[in-house]
Every structure is written in structure tokens, then in C-alpha cells.
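J.: Generate coordinates for the sequence data below:
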Amino acid sequence: MIQESVSAGTRPGQHFRNFSVRLSPTPRGARLARLLTAEQLRSWGKPVDPAGQIVAELAANAVTHGRVPGRDFRLTLYVIANTLRIEVTDTAGDRPPRPGRPGPDAESESGRGLLLVEALADRWGWAPELRPRKTVWAEVVLPPDDVQGRHGS
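T.: Numbering: from 1, shown residues only. Here you go, the predicted structure:
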């Protein structure tokens, strides 16, 4: 199920936009999350990166660490003024996200996704939801629309 809405904000010219979709907790669902994010941001006239990379990592984590068979994960994007908020909600609320701190000779890639999110996002965190869910979120400050228009042409 895909939901999208756009509404006027509290200040002239300010808009609130959101997009939400439930996806299967599979590698295909994680890829679809990234592709849908890119398409949605383009349709809103917003830059795809770093948001696309952040969604890829959070969706991969939801599929790898937050997967409960038969339960979807949800991707939600919000744009309020110049901030994009990305939320990925999974059904493994008993497993909080933990950024890995692998050493230089570590063979495992596990845990590095949240380090990447930490590096790319302006803010990130997580919150428990109604049992058994949790939401991992990240926020990216977007360039003003007039700057995007000059560079995007």
C-alpha cells in the first residue's frame, strides 16, 4: 500500500510532503525501497543523495536484522520545509539498532550500515513503536529550493 500527500505548511510557500509504503522483508523489498525513494524525491524536485544511500542501509537492516517472517517493513519519507525525514519501521522491536565498530582488519561488513547512516545524515536515531515494532529514522537538511533549481538545470 502506497500513500502520498502534500499539504500547505504553516508559512507561505512551505509544504509538508510525505510518502509511505509497506514492503516485503526481502532483499527485493529493500531494493524497491531505494528505487521508490529515488523516484519520489525526483518527483518532489529534491536531491536523491544522500537519502537514497541512507534508505538502502536502513532497508537492508530491516530485512537482515528486523525481519520477522510474514511481517512487512514500512518506509516513510517526510519533507517539512528544508528537512527530509526517513523512517524505516520493522517488527523486531526487541532488537535495537547498534552501530558496529569493526576494527581495520575485520572481515565482517555487519554493523557498518549504521556507521554510514551516521556519516550521511544530519541526525539519526530510533524509537520503539507499538509492540513489536521499532522505527529507525534519519534526517537530512536539504538545500533551499532556489539553490536546487540553479544547480539542477
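J.: what about the protein, any weak spots by pLDDT?
T.: Scanning the chain for pLDDT under 70 picks out the ranges 1-14, 100-111, 145-153.
J.: one more time with 50
T.: For the chain, the stretches flagged by pLDDT under 50 are 7-12, 106-108, 149-153.
J.: Helices of that one, start to end?
T.: Counting by DSSP state H, one finds helices in the chain at the ranges 27-43, 51-64, 112-120, 145-152.
J.: For the spatially most central residue of the chain, list each beta-bridge partner.
T.: What sits nearest the mean C-alpha location of the chain, by Cα atoms, centre = their mean, is residue 86, with 3.4 Å. Legend: beta-bridge partners of residue 86 under DSSP bridges are residue 77, residue 138.
J.: residues contacting it?
T.: Taking Cβ atoms under 8 Å, 6 or more residues apart in numbering, we find residue 86 in contact with 37, 51, 54-55, 58, 75-77, 121, 137-140. C-beta coordinates here come from the backbone N, C-alpha and C atoms, glycine included.
J.: Who wins on neighbours among the residues you listed?
T.: Tallying neighbours with other Cβ atoms under 10 Å puts residue 58 at the head of the contacts of residue 86, with 33 neighbours.
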